[in-house]
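*Asks:* attaching a predicted model along with its sequence, questions to come.
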Amino acid sequence: MSLPADLEPAVRDPKKLRRTAWTLVAIMLLGGWLILRAYDTWATRKSLDDRPAIVHRIKKERDLRLMRQDGKLADLFDLRGKVFVLNAFSLRDPQAAQRSMAVMRRLAENFREQPDFHLVSFVIDPLPAESLAATLAGSAAAQGIGLPQWWLGSNEPSTLHKFIKNELKATVYPNESGGKWNYDPSIVLIDRNGHIRRAVVTKTRNGKPTRPGVVAFDFDQAAQWDRDGLQTGTERSNEEELEILLAKTIGALLAEPTESR
């Protein structure tokens, strides 16, 4: 294809080129400012969002079957559609779970009129299968753990311990050391849809909201904060504040609907 004979090169106009360049610079600066403004608005909104954080979801195929204190087998999935809390403890070494068990008892009392709220405690000790039901029944009676609100249950140790670590996201895989049990006594909160939820705490710095913190319901950690002299900004201890936060979070989850799927 040949070019026309009278084709002439375009004449460059420096003024127009500068004007175009400055226009592009202005557009880029304005676009950058708008992006930063939008991000700042989003970050501020997120920093004020105190909805309970989702950590993990327990799916039906990874469910856990328990022998309960009434001698019956039950699946955790049977509680889908309810809000419930779980903790683990050892019959032989219950000291590690003293704080969480005390909180569990108060939760049972405070939410006793709420049919959609339940509690589950796991016994992590290896127990003979032939005496498991009787041991659970005796322990439940001694500790005031009553059905239908509060389950006391167990399973074959390796199955139960793996579930606690992998599905409940425990900080410690239950294990024996020096003749004592090591385990995570934290309370785990599950919503109606099987999600593990943790509290979200809004924070401020120089009077401005910052990125919120996600808090596990670890009452031993809260007690350590108290021993370290960390202040809550209220007249209450860290343990007391965490228990209030747990009850508040349970209330928020009870108000949430169950997913249709």
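*Replies:* Sure thing, it's come through. Residues are numbered from 1 along each chain as shown.

*Asks:* for Arg80, which non-adjacent residue is closest in space?
*Replies:* In space, and not counting its chain neighbours, Arg80 is closest to Gly194: 5.9 Å by C-beta to C-beta, 6 or more residues apart in numbering. All C-beta spots, glycine's among them, are computed from the backbone N, C-alpha and C.

*Asks:* show me what contacts the one you found?
*Replies:* 57-59, 77, 80 (C-beta atoms under 8 Å, 6 or more residues apart in numbering).

*Asks:* if you set the cut-off to 7 Å instead, what comes out?
*Replies:* The contact partners of Gly194, by C-beta atoms under 7 Å, 6 or more residues apart in numbering, come to 57-58, 80.

*Asks:* which pLDDT value goes with it?
*Replies:* For Gly194, the model assigns a pLDDT of 95.

*Asks:* can you give me phi and psi for it?
*Replies:* Geometry field for Gly194 lists phi and psi as phi 80, psi 10, criterion degrees, to the nearest 10.

*Asks:* among the contacts of Gly194, who's most crowded?
*Replies:* Ile58 (21 neighbours; other C-beta atoms under 10 Å).

*Asks:* for it, give its distance to Gly179.
*Replies:* Separation of Ile58 from Gly179 (C-beta to C-beta, to the nearest Å): 32 Å.

*Asks:* show me the shaky parts of the stretch 101-250 of the chain.
*Replies:* Residues of the stretch 101-250 of the chain meeting the criterion pLDDT under 70: 202-212.

*Asks:* can you map out the strands along it?
*Replies:* 117-123, 150-154, 175-177, 180-182, 188-190, 195-205, 208-215 (DSSP state E, counting those that start in this stretch).
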